[in-house]
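Q: turn this into a model:
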Amino acid sequence: MKRLETDHPPRRRNAARTLALTSILLASTAFAMSRTVIDFNHDWKFHLGNEPAAFLPEYNDREWRTLDVPHDWSIEIGYQQGPHTAASTGFVPGGIGWYRKHFTLSPEDRDRHIRIVFDGVYNNASVWINGHFLGKRPYAYSTFDYTLDGHLRFDGTPNVIAVKVDHRHFADSRWYTGSGIYRKVRLIKTAPIHIALHGVRITTPEVNADRATVRVRARIENTGNLAPEQLRLRLSVTGPDGEPAGTAGTILSGPFDTEADLSLPVRNPRLWSPDTPHLYRLRVELLERGHPIDTVEETFGIRTFHFDAATGFSLNGRRMKIKGVNLHHDAGAVGAAVPKALWIDRLQRLKSIGVNAVRMAHNPHAVELMDACDELGMLVLAEAFDEWDRPKDKSLEYLGDGKATDLLAGYAYPEHFHEWAERDLKDLIRRDFNHPSVILWSIGNEIEWTFPEYSKVFDAFTHPEGPYDDGEFEYDRTKLKAELDRITGGCDALTAWARRLAGWIREIDDTRPITCGSVRPSVSIASGYADAVDVFGFNYRASEYDIAHQTYPELKILGTENWGAWSEWKACLERDFVAGIFVWTGFAYLGEAGPWPRKGLEISFFDFAGFKTPRGHFFECLWTDTPKVHIVTTPASESEYSYSPDTGWTFTMKKTPPPMWDLLRYWDWYDVYPKWQYTAGEPIVVQVYTNCEEVELFLNGRSLGRQARADFADDNIIKWLVPYADGELTAIGYNAGEKAETFTLATHGETARLALASTRETLAADGEDAAVISLQLLDAAGHLVTTAETEVRFEIDGPARNLGVDNGWEYNVQPHKTDTLTTH
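A: Residues are numbered from 1 along each chain as shown. This next block holds a predicted model:
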């Protein structure tokens, strides 16, 4: 390797000028400079509060707390009602926090390129190395990095990384955010000439049963003033079985930054899908004079997929419906600092009820979650933004009050959007490019809410009974566009931004479609917003599927956010042109809460603690083929269902009482209970969720009749009105007249014992592995006790720690970082 001597600073890159100068051959040390990735998550110093001098290397932090990241100080402090918390973000405080980490480097590191990578810091991160300001990153969901070259010590004197986190404006997002360095950190050492961070892009442009073409583009960076000699790139692919699957190589030219583009064949490819998540491994080696100077490994999958305006979605040539859920980035008791093992557990629970896709609502999610989706076989809609340059309403005391919006206006992401949107979006695309799970990029969620002119046009022509009801929808493009132009003066900023954002994505990735989540589809199609994307997402607008398809038959339609109700799935199931739906949500999430005490919303398939909800049981019956029967009950006096021998079953939706947002009932599952524990003779509405053809109900061995699911087509729930009596209530499901599945609810006695169950029998001693342990109260007969509120204390024997406890209830605001918990 030649070092090019110039009279300019060594980091200046002017190739044409430099190459004309005389060069001196220096002994190269690059051969010993293989890539080293260092786990930078341990032994950080932390202080909650502002210390203006804490960026200085000589600052005394010996009294600060020592901890490991990922770390979320908001969930540690816990829930509280007061002037520094808000319903939007779950009644937890923000504030300012400082992190410092001391580390040493050896003299051998002096000639290496050293970079620090943060996977996520909430929020407004400012970073220093040895007192030198590296930069800031306002968007808390972005992975970002800095080069440390030129600012490091190699003589044994400690180097100091300092990070200031400014989350004083605690209601700046929808919804719970967390605070701190809540995702992982790593230090990367390479040779000055190296493969760029997120610089390898893998695609599979040609795939058939016999052969797949794997295309690899690798970007090479030269951060030193070096002229490499005989620089080559070597590729090798390993199959899902661990056997070699292909190789390729090329000679690189030019001393400075360059990109290689090469392809290799893979014979008899094993395709990635939710049922068969086969993963290949690509090894990219950068060699100088035959010696490796850098190596990067990437995981990828071979698959094809297609969205069609008439037939919906297909994967690997087979049509399938997307059975998706939305996920927020928190995980209940651990807040935003979520170990990969917990994401794996959550995805496994979702897959067990038939979910095959996740929408990452509404921002970039953790690398560990993206990896888990690849490994377990979960399709991904990766979303960039919930807000663009205009903020959405934020709630202070309860959902829908809008009181935090004015209080904190200007402190959410819209303040930074114009400066940072391109970088944040492109960083997401580069980081997650190689994930086979990713089938869609989303440029934004419900952006029309922040452009009131869209709602004005919608309201001028559309007259449903309520904001989410059926009605007469106007889809005449000429009428809608003319009215929008009249209101805006012909300046439609929303569509202009949509085109710009989509263009930035296509600069990097032209292989995946782009989408959005629209709440005003009729206006957005007419304005040109829909033309900026490839697949148009409908949020809570299933009532507009038909007229949109009839008016614009070339439009590709996807339900990007849907109520967890039979009507939403039925609307998709009956329409080939609807690719699928994403139910709101897969797991209960913190924030979007209130009034106090309420930490979040449980409108999901699984609650905060990971227990399956009635809605989860119901959708399991819709989305899986394994025979299932599940009973829930409600006193007739409380039920939204009523029965008359003359008219049969009637459903009357109840409005959510104030001060909560009255429209919340659209999202809520009606009140039902997994118990058989009432007053003798009390009329009880018994509901049975099932995918069996028929169900027969028994009370203490006496048949209450057999009913067909087809007779309850309106809601897909079989119902009985039963006078209560102690004992056992049993439902037996039948297919083709044969018994297929049985489920029983039993009247329970007093608590006699505790039952513990763990998702794991052993844990890796790596400080990152985790298990979920569930506790249930049982009576002497082994029946589940559903009505007791009992305080339980947990003790761990051995080298493990408690990450948090929760009983799953949305009104439970007990601290999570504790050893005691009250059951619910």
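
Q: now the helix or strand harbouring residue 189: mean pLDDT?
A: Assigned by DSSP states H and E, residue 189 belongs to strand 185-190. Mean pLDDT, strand 185-190: 99.

Q: buried residues of the helix or strand that comes right after that strand, list them for me.
A: As assigned by DSSP H and E, the chain's next helix or strand after strand 185-190 is strand 193-207. Residues of strand 193-207 classed as buried: 193-204, 207 (neighbour count, 16 or more other CB atoms under 10 Å). From N, CA and C alone the C-beta is placed, and that goes for glycine too.

Q: now those residues as a markdown table including distance to residue 791 and pLDDT?
A: Compiled in a markdown table, the buried residues of strand 193-207 are given as follows (distance: CB to CB, whole Å; pLDDT from 0 to 100):
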| residue | distance to residue 791 | pLDDT |
| --- | --- | --- |
| 193 | 61 | 95 |
| 194 | 56 | 96 |
| 195 | 55 | 97 |
| 196 | 54 | 98 |
| 197 | 49 | 98 |
| 198 | 48 | 98 |
| 199 | 54 | 98 |
| 200 | 53 | 99 |
| 201 | 54 | 99 |
| 202 | 53 | 99 |
| 203 | 55 | 99 |
| 204 | 55 | 98 |
| 207 | 57 | 98 |
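
Q: okay, now the domains of this protein?
A: For the chain, the structural domains run 2-32+193-300, 36-190, 336-590, 625-746, 750-785+788-824, going by automatic domain parsing.

Q: in JSON lines, list those along with distance to residue 596.
A: Below are the domains of the chain laid out as JSON lines (distance: least, CB to CB, whole Å):
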{"stretch": "domain 2-32+193-300", "distance to residue 596": "40"}
{"stretch": "domain 36-190", "distance to residue 596": "4"}
{"stretch": "domain 336-590", "distance to residue 596": "7"}
{"stretch": "domain 625-746", "distance to residue 596": "11"}
{"stretch": "domain 750-785+788-824", "distance to residue 596": "8"}
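
Q: relative to residue 306, which of those is closest?
A: Across the domains of the chain, residue 306 has its closest neighbour in domain 336-590 (9.2 Å, CB to CB).

Q: endpoints of the closest one, how far apart?
A: 10 Å (CA to CA, to the nearest Å).

Q: that one: how far from the chain's middle?
A: Relative to its chain's centre, domain 336-590 lies at 13 Å (CA atoms, centre = their mean, to the nearest Å).

Q: what mean pLDDT does that domain get?
A: Average pLDDT, domain 336-590: 95.

Q: just stretch 168-182 next, same as before
A: What stretch 168-182 shows for mean pLDDT is 95.

Q: now residue 161. Its backbone dihedrals?
A: When quoted as degrees, to the nearest 10, the phi and psi of residue 161 stand at phi -90, psi 130.

Q: same thing with residue 544?
A: Dihedral pair for residue 544: phi -110, psi 0, per degrees, to the nearest 10.

Q: residue 284 versus residue 189, what's the distance?
A: 17 Å (CB to CB, to the nearest Å).

Q: just put the buried residues of strand 193-207 in JSON lines and tack on distance to residue 388.
A: Formatted as JSON lines, the buried residues of strand 193-207 follow (distance: CB to CB, whole Å):
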{"residue": "193", "distance to residue 388": "39"}
{"residue": "194", "distance to residue 388": "35"}
{"residue": "195", "distance to residue 388": "33"}
{"residue": "196", "distance to residue 388": "28"}
{"residue": "197", "distance to residue 388": "27"}
{"residue": "198", "distance to residue 388": "24"}
{"residue": "199", "distance to residue 388": "28"}
{"residue": "200", "distance to residue 388": "30"}
{"residue": "201", "distance to residue 388": "26"}
{"residue": "202", "distance to residue 388": "30"}
{"residue": "203", "distance to residue 388": "29"}
{"residue": "204", "distance to residue 388": "33"}
{"residue": "207", "distance to residue 388": "36"}
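
Q: name the nearest of those residues relative to residue 444.
A: Residue 444 has its nearest neighbour among the buried residues of strand 193-207 in residue 198, at 22.3 Å by CB to CB.

Q: just checking, that closest one touches residue 428?
A: No - between residue 198 and residue 428 there is no contact under CB atoms under 8 Å: 10.1 Å.

Q: quick one: contacts for the residue nearest the centre of the chain?
A: In the chain, the residue lying closest to the centroid (CA atoms, centre = their mean) is residue 360, at 3.2 Å. Contacts for residue 360 were tallied using CB atoms under 8 Å, 6 or more residues apart in numbering; they are 327, 329, 369, 380, 381, 382, 383.

Q: determine which two of those are furthest apart.
A: Spatial extent of the contacts of residue 360 (CB to CB) is set by the pair 329 and 381 at 14.3 Å.

Q: tell me the buried residues in stretch 181-195?
A: Buried residues in stretch 181-195, counted by 16+ other CB under 10 Å: 181-185, 187-195.

Q: on that earlier part again, among the domains of the chain, which is nearest residue 598?
A: The closest of the domains of the chain to residue 598 is domain 750-785+788-824. By CB to CB, the value is 5.5 Å.

Q: endpoints of that closest one, how far apart?
A: End-to-end distance for domain 750-785+788-824, by CA to CA: 15 Å.

Q: average model confidence for that domain?
A: Domain 750-785+788-824 shows a mean pLDDT of 95.

Q: which residues of the stretch 451-600 of the chain fall in helices?
A: Using DSSP state H, counting those that start in this stretch, the helices of the stretch 451-600 of the chain run over residues 452-461, 477-488, 493-508, 521-527, 529-532, 545-551, 566-573.

Q: highest mean neighbour count out of the ones you listed?
A: Stretch with highest mean neighbour count among the helices of the stretch 451-600 of the chain: helix 521-527 (a mean of 26; mean count of other CB atoms under 10 Å).

Q: from the contact counts, what lies against that helix?
A: Identification of packing neighbours for helix 521-527 by 3 or more CB pairs under 8 Å, 6 or more residues apart in numbering; DSSP states H and E yields helix 452-461, helix 477-488, helix 493-508, strand 536-539, helix 545-551.

Q: what residues does the second one touch?
A: Put plainly, it is helix 477-488. With CB under 8 Å, 6+ apart as the test, helix 477-488 has contacts from 453-454, 456-457, 460-461, 474, 492, 522-523, 525-527, 551.

Q: need the contacts of residue 360 in JSON lines (columns: distance to residue 702, neighbour count and secondary structure).
A: Converted to JSON lines, the contacts of residue 360 look like this (distance: CB to CB, whole Å; neighbours: other CB atoms under 10 Å; DSSP: H, G, I helix; E, B strand; the rest coil):
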{"residue": "327", "distance to residue 702": "44", "neighbour count": "26", "secondary structure": "strand"}
{"residue": "329", "distance to residue 702": "50", "neighbour count": "27", "secondary structure": "coil"}
{"residue": "369", "distance to residue 702": "49", "neighbour count": "23", "secondary structure": "helix"}
{"residue": "380", "distance to residue 702": "49", "neighbour count": "24", "secondary structure": "strand"}
{"residue": "381", "distance to residue 702": "49", "neighbour count": "26", "secondary structure": "strand"}
{"residue": "382", "distance to residue 702": "54", "neighbour count": "25", "secondary structure": "strand"}
{"residue": "383", "distance to residue 702": "52", "neighbour count": "27", "secondary structure": "strand"}
